[in-house]
Structure formats: C-alpha cells, structure tokens
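> I would like to see how this sequence folds:
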Amino acid sequence: MTPQAPAGRANQKLRTRNAIVQAAAELTRTGREVTMPAVAKAALVSEATAYRYFPDLASLLQEAIAGQLPSPDEALAPVADSADPVERIAVATEYLARHVLARQGAVRALMAATIARPEQVSARPGLRFGLIDHALAPLAGTPDVCAPDALAQLKRDLAVVVGAEALFTLTDLCGLDPEVAIASVVHTATALTRAAVQGVDGEPRHAGTSR
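Here you go, the predicted structure:
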C-alpha cells in the first residue's frame, strides 16, 4: 500500500459526496418529486452509498438547496429604490412563491420531514423571514407610521401567508391554478401590510393605535 492511498480514498469520498449533492441540487431545480433512489441514480451511485453519506433525504436536501437560496437584496432588487412596504411585500411574496413552485418537489420533501421530525425545523433552509424583514425595513424606526408592536404582529401575520404552506393549501386543497394561487397569496400579504400601516379611512396609523 502506497502512502498516497489514504489521501486517494479521501479524495474519492469527497468526489462521491459532491456528486450526490450536485445530483440532488439539479433534481430540485426540476420541480419534480425528489427521492433518495432518484438522487443516487443521477449521481451514478447505489442508494446504499447515498445513505452512507447522508442519513436521510432531508439532510441531503438541506445542503443541496442552501446554495440556491438568494439573498433578500437579490430577491427584492426590482424594488430596491422603493420605500413602500406594500409594494415591497408584494414583490417578496411573489418571488418566494415562484421560488417554491420551481422547487416544489424538494420543498414538499423537506416539509414532510419537518412535520414528522419537528426538531428538523430549525435546520430547514429558510428564506421567508429574511424576505419579510427586508421588505418591511422602511417601517423600522417609524412609529408614527407603524408602531413597534404592530410591526412585530405584522411580521407574524405575514409568516403565515408568505411561504410554501399557504401556497400549497391553495393549489392542493383549493384546487387553484398556480398563477391564481400566487395572485391570492400576494393579495393577502399586501392587504395585511396595508391594514397595518393605514387606518380604515386610509390615513397612516400612529404609535399606540390598536389594529
């Protein structure tokens, strides 16, 4: 056995691992269902080999998707110069909805894994909270427009709407076409935001005003 053999084995293991991650990443971009057998086939390894590197599909997908998540700045580039939180949240909501639909096979797999194993929730790749915070950044430090407690509540309200769960409820349970579903979540998100920063008469809310 030559001295280079251990290094050679380590390099081969790294290449195999990278091939599995790359195969998973490519499959997530198709939007189709992603399974460990499908990933193994695409990576030209056995399913048993794939499981030696990743204990479950969720851990593999977390790594494969992580590199695909854009920064909030990139996602909100079209409204970078806008200070209108309603306009900004509309762009953020639509962006995330389309991102989810484009990778829905992987997103569904991760959602299923976190439902079955709640401890996985903290490790699940996330984009929504960064988008919400960035979209509502113009409201930070403006209590005359939206009081701090109202802003915190708005972010919680939007967390229910801006994400895969709401989108899949509309497409799967309500039977809506994806484009109609996207329009619906955008409508809801903008309505929540508008209500948080305006009174019923359209005037801006002021600090201490209840919702």
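> what stretches of the protein score poorly on pLDDT?
1-5, 118-125, 199-211 (pLDDT under 70).
> which parts of the longest helix belonging to the chain are buried?
Assignment by DSSP state H gives helix 5-28 as the longest helix of the chain. Going by neighbour count (16 or more other Cβ atoms under 10 Å), the buried part of helix 5-28 is T16, R17, A19, I20, V21, A23, A24, A25, L27, T28. Where you see a C-beta, it was placed from the backbone N, CA and C, and this is true even at glycine.
> same check, this time on stretch 82-93
The neighbour-count check on stretch 82-93 (16+ other Cβ under 10 Å) flags P85, V86, E87, R88, I89, A90, V91, A92, T93 as buried.
> so what touches the longest helix of the chain?
Helix 5-28 is contacted by residues 34, 38-40, 42-45, 49-50, 53-54, 60-61, 63-65, 67-68, 103, 105-106 when judged by Cβ atoms under 8 Å, 6 or more residues apart in numbering.
> what subset of the residues you listed is buried?
Going by neighbour count (16+ other Cβ under 10 Å), those have 34, 38-40, 42-43, 45, 50, 53-54, 60-61, 64-65, 103, 105-106 buried.
> among the residues you listed, which are in helices?
Taking DSSP H, the ones among the buried ones among the contacts of helix 5-28 that sit in helices are 38-40, 42-43, 50, 53, 60-61, 64-65, 105-106.
> T142: which of those is nearest?
Closest approach to T142 among these (Cβ to Cβ): I65, at 34.4 Å.
> how close does the closest one sit to R156?
I65 is 25 Å from R156, where distance means Cβ to Cβ, to the nearest Å.
> cool, and P148?
For P148, the distance to R156 (Cβ to Cβ) stands at 13 Å.
> neighbour count winner among the two?
P148 (13 against 9; other Cβ atoms under 10 Å).
> quick one: the helices in this structure, in order.
5-28, 36-43, 47-53, 57-66, 72-75, 85-102, 104-116, 128-135, 148-161, 164-168, 178-197.
> what separates the residue at minimal distance from the centre of the chain from Y95, distance-wise?
Centroid check for the chain by Cα atoms, centre = their mean gives L127 as the closest residue, at 4.0 Å. Distance, L127 to Y95, by Cβ to Cβ: 9 Å.
> ok, L192 next?
17 Å.
> again with E179
Distance of E179 to Y95, computed by Cβ to Cβ: 15 Å.
> who's more crowded, the two?
With neighbours defined as other Cβ under 10 Å, E179 and Y95 compare such that Y95 has more, 22 against 11.
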